[in-house]
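J.: With the sequence up front, the predicted model follows.
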Amino acid sequence: MFDGFIAERIDCGEVSLFVRRSAEGTGKPPLLLLHGYPQTSAMWRDIAPRLTARFEVICPDLRGYGASDKPGTDAPGQDTTHALYSKRAMGHDMAQLMTALGHERFFVAGHDRGGRVAHRLAMDHASRIPALMVLDIAPTREMYARTDVFMANTYWHWFFLIQPYPLPEIMIGGDPDAYWSAKCMELGGGQHPFSPAALEEYITAHRDPATLHAICEDYRAAFTIDIDHDDADQGRRLRQPLRVLWGERGIIDRVYGAVEIWQERAEIVTGAGFDGSHYFPEERPAEVADDIEAFFGAMSLD
């Protein structure tokens, strides 16, 4: 995967992140691609190489995921505020990463949890993000607030993973492979689009008890401190152009109206659906890469 990319760990202050990136110093606009749960930066394996002609592409593992640091997992249950896995903290990591790579301003696109990090990053570091893209998510606060039976049944993990430590960690830890398969096969419509190498990376990471705890903390943060941060933004919307993509066989547009719900959070919103499940970036990589290139290619970093 990622032929020609640099793979390294980068010190971002509070954490060290594992990063896959194209050659630096190219003079091309930097583009940060953020993965979702329960994946790693490997989800961009068929998309990132298609974008290197136009962008300097950076694909990190989020804190708690993959080969990146997992703060707080040496003392599980002690961070009762879940602040270590707030999207504000995870967004700060990305700001630090891009500073370390010499980029003051950059584009960002995120799928699933990565989209939530991208949203918070663009709110907290607005001067650094001229445009952003989120893939197959609605805003966290509204997803919880507008939950119906259909959403709760489809996204059951949203309510399971937020249970107090150590219940979900113990239950998933009993058979992490079975849990990963059940969750991903369901959201994938009964099948998966993951390459053998990516699947091995995802499942291997998911077997690590530290990763399991970090994932639960990510979701616990979404249900608590992330909503507090969203509430504090009441009346404030993103001013940057926002592009929203979704899988037409998923629930985001069907339940929430993907463009409409993001218009509550951003002033300039466009969007498009793709023939695919929640994992449509891995099902339709060429089409998604084309959309990413067209959207950010029309933007300026100035």
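T.: Yep, that arrived. Residues are numbered from 1 along each chain as shown.

J.: May I ask which helix or strand encompasses residue 184?
T.: helix 176-187 (DSSP states H and E).

J.: should've said residue 134
T.: Using DSSP H and E, residue 134 falls in strand 132-135.

J.: quick one, helices of this structure?
T.: 48-51, 87-100, 113-124, 140-145, 149-154, 157-160, 167-173, 176-187, 196-206, 209-223, 225-232, 258-262, 280-283, 285-297 (DSSP state H).

J.: can you put those in TSV and add distance to residue 25 and mean neighbour count?
T.: The C-beta positions use only the backbone N, C-alpha and C, and glycine is treated the same way. TSV is the format used below for these (distance: least, Cβ to Cβ, whole Å; neighbours: other Cβ atoms under 10 Å):
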stretch	distance to residue 25	mean neighbour count
helix 48-51	17	21
helix 87-100	14	21
helix 113-124	24	26
helix 140-145	36	17
helix 149-154	44	12
helix 157-160	41	16
helix 167-173	42	16
helix 176-187	37	16
helix 196-206	28	17
helix 209-223	33	23
helix 225-232	35	16
helix 258-262	35	20
helix 280-283	27	25
helix 285-297	19	18
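
J.: now for the ones you listed, which one comes closest to residue 79?
T.: Among those, the nearest to residue 79 by Cβ to Cβ is helix 209-223 (6.9 Å).

J.: hang on, the earlier thing: so which elements touch the strand holding residue 134?
T.: In terms of contacts (3 or more Cβ pairs under 8 Å, 6 or more residues apart in numbering; DSSP states H and E), strand 132-135 is packed against strand 107-111, helix 113-124, strand 238-247, helix 285-297.

J.: Find the centremost residue of the protein, please.
T.: The centroid of the chain falls nearest to residue 114 when counting by Cα atoms, centre = their mean (1.2 Å).

J.: My read is that that residue contacts residue 40, right?
T.: No. Here residue 114 lies out of contact with residue 40, judged by Cβ atoms under 8 Å, at a distance of 10.5 Å.
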